[in-house]
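1. coordinates for the following, if possible.
(chains A, B, C and D)
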2 protein chains.
Amino acid sequence: MAPDGSHHGYHHGNLRDAVVAGAVEAIGRSGVVALSLREVARAAGVSHTAPAHHFGDKTGVLTAVAAQGYSLLADALAAPSVRSLVDAGVAYVEFAVAHPAHFDVMFRRELLRWDDADLLREGQRARQALRAALADGGPVDEAAAWSVVHGFATLWLTGAIPDDGTDLGDDPAVAARRVLESRFG
Amino acid sequence: MAPDGSHHGYHHGNLRDAVVAGAVEAIGRSGVVALSLREVARAAGVSHTAPAHHFGDKTGVLTAVAAQGYSLLADALAAPSVRSLVDAGVAYVEFAVAHPAHFDVMFRRELLRWDDADLLREGQRARQALRAALADGGPVDEAAAWSVVHGFATLWLTGAIPDDGTDLGDDPAVAARRVLESRFG
DNA sequence: GTTGAAATCTTTGCAGTGGCTAGATTGCCG
DNA sequence: CGGCAATCTAGCCACTGCAAAGATTTCAAC
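-> As a prediction, this is how the structure comes out:
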């Protein structure tokens, strides 16, 4: 890396972060299906094989994206402002809406490499944070709470919920809180 | 088409259904991301351009799959055995588990052509059936019920719910009924 | 410093893909 | 029987992911 922080020639210096960020951006723009490693490479200013070389293959890149997503989710759920089950649910929805590309990749198991150390670690961290925030009762309550927030986030992201005439406003966090309080308040 | 029902040469006879069925099979085996029209064409015994030619392009094929999915869902929700909100929720989950490829494509908006007549019609039919079955109260209750079943189905399909130690058994319909009755019984 | 090895990134080549254009084959209806 | 539209095919192009081999830089040992 040059003294001014730029990069040129060999040894990009921060190729890993650049590729992950580029992939997240591209996925957010056109979806996972249309993701092209060569396009990401062009945006990052590296050769077209650099991403696959660094992460093994395309699955490796998506695994890194998912691991970063689980890390962000774990942090969001463990924030001090989260003080109740409803708070945790709202935080879950807010995470999904703020990071749709991560959220999409995280739950597409066939695209990920689940023997990856980072993904396993961050995934478990998020799982524990979620369980700690949601588990008031038994496994049924936990499944119910997780299902509501996950389903609400998914339906909101696809545009299914706000578009069908149900008057829930345009703020997903507010709408999610209303929904959660109606059943878990 | 030959008298014995086989097909050869030009004029397959039922290319549309063959392609849709082949696409559903391929998606169920390897996911939407890995779907290849050429692979589907080979399985159907037609030329590699036949699917795209008949449906316009790849999006057209996926749109046909989604339309078929909404049709199946609408039928499932309108079945006479569905007599309560909980029944409808269980039917929703059963549909998702029985037709995972359809379910996946149906809610990936960026892969579909929403100006397609079939998709619009079947989509609205499913939406109305769902609303009729779920709407006991206001929009908040409807969003809550839909979110639970959709989230539960999604999490079950990705393997997130039965794998995390929550003892809900191995039958998604039974587990879904327990979850639904805990909040909507 | 010099040097050798390891880490990092690039170049090249290949099989596979989606979509476009033009062409071949068939059923149909007068 | 003849033409015509519908249906499917063939060939082509740009693009993709990946493997193998090469080029460049860093870095530690001496």
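
2. lowest-pLDDT helix or strand in chain A?
-> When each helix and strand of chain A is scored by mean pLDDT, DSSP states H and E, helix A:160-163 comes last, with a mean of 82.

3. okay, now the domains of chain A?
-> With automatic domain parsing serving as the domain definition, the record reports that chain A contains domains spanning A:1-56, A:58-184.

4. is DNA strand D contacted by stretch A:114-132?
-> No - Stretch A:114-132 stays out of contact with DNA strand D when judged by C-beta under 7 Å from any atom of the strand, the minimum separation being 14.6 Å. Using the backbone N, CA and C atoms, a C-beta is placed for each residue, glycine as well.

5. would you indicate which residues of stretch A:175-185 are buried?
-> Neighbour counts over stretch A:175-185 (16 or more other C-beta atoms under 10 Å in any protein chain shown) mark A:175-180, A:182-184 as buried.

6. stretch A:20-29 now?
-> A:20-24, A:26-27.

7. contacting residues for A:Val24?
-> With contacts taken as C-beta atoms under 8 Å, 6 or more residues apart in numbering or on different chains, A:Val24 has the following neighbours: A:65, A:68, A:99, A:101-102.

8. reformat the buried residues of stretch A:20-29 as TSV; add distance to DNA strand D, pLDDT and secondary structure.
-> As requested, the buried residues of stretch A:20-29 are arranged in TSV below (distance: C-beta to the nearest atom of the strand, whole Å; pLDDT from 0 to 100; DSSP: H, G, I helix; E, B strand; the rest coil):
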residue	distance to DNA strand D	pLDDT	secondary structure
A:Val20	14	98	helix
A:Ala21	16	98	helix
A:Gly22	12	98	helix
A:Ala23	10	98	helix
A:Val24	14	98	helix
A:Ala26	10	98	helix
A:Ile27	11	98	helix
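
9. leaving out chain neighbours, which residue sits closest to the residue of chain A found nearest chain B?
-> Taking C-beta to the nearest C-beta, chain B has its nearest neighbour within chain A at A:Gly151, 2.6 Å off. Closest residue in space to A:Gly151, ignoring its immediate chain neighbours: B:Gly151 at 2.6 Å, by C-beta to C-beta, 6 or more residues apart in numbering or on different chains.

10. wait, the one you found touches A:Phe152, no?
-> Yes - with contact defined as C-beta atoms under 8 Å, B:Gly151 counts as touching A:Phe152 (7.0 Å).

11. higher neighbour count, these two?
-> More neighbours surround A:Phe152 than the other of B:Gly151 and A:Phe152, with 29 against 25 (other C-beta atoms under 10 Å in any protein chain shown).

12. how close does that one sit to B:Gln124?
-> When C-beta to C-beta, to the nearest Å is applied, the distance between A:Phe152 and B:Gln124 equals 22 Å.

13. can you check A:Phe55 too?
-> Distance, A:Phe55 to B:Gln124, by C-beta to C-beta: 43 Å.

14. between the two, tell me which one has more neighbours.
-> In terms of neighbours (other C-beta under 10 Å), A:Phe55 is the more surrounded of A:Phe55 and B:Gln124; the figures are 23 against 13.

15. how about the least confident helix or strand of chain A, does it reach chain B?
-> Yes - where contact is defined by C-beta under 8 Å from any C-beta of the partner chain, part of helix A:160-163 touches chain B, namely A:160-161.

16. now the element after that helix, going C-ward?
-> Scanning forward in sequence from helix A:160-163 by DSSP states H and E, the next helix or strand is helix A:172-184.

17. which stretches of chain A form strands?
-> In chain order, chain A shows no strands, with DSSP state E as the criterion.

18. where does it come near DNA strand D, residue by residue?
-> A:1, A:9-11, A:35-39, A:48-49, A:52-53, A:57-59.

19. out of those, which are buried?
-> In those, the ones that pass as buried (16+ other C-beta under 10 Å) are A:35, A:37, A:39, A:52, A:58.

20. just those residues now: which is nearest A:Leu168?
-> A:Leu35 (31.1 Å; C-beta to C-beta).

21. show me what contacts that closest one?
-> Contact analysis of A:Leu35 by C-beta under 8 Å, 6+ apart lists A:23, A:26-27, A:58, A:62.

22. any weak-confidence spans in chain A?
-> Flagging of chain A using pLDDT under 70 yields the residue ranges A:1-10, A:135-137, A:163-166.

23. spell out which residues of it are next to DNA strand C.
-> The interface of chain A toward DNA strand C, taken as C-beta under 7 Å from any atom of the strand, is made up of A:10-13, A:15, A:46-50, A:53-54.

24. swap the cut-off to 6 Å and go again
-> With the criterion set to C-beta under 6 Å from any atom of the strand, chain A comes near DNA strand C through A:10-13, A:15, A:46-47, A:49-50, A:53-54.

25. neighbours around the spatially closest residue to A:Arg177 that is not a sequence neighbour, how many?
-> Of all residues beyond its chain neighbours, the one nearest A:Arg177 is A:Val90 (5.2 Å), with distances taken as C-beta to C-beta, 6+ apart. Each residue near A:Val90 was counted by other C-beta under 10 Å, and the total is 24.

26. same thing with the one 5 residues further on?
-> Look at A:Phe95: counted by other C-beta under 10 Å, it has 23 neighbours.
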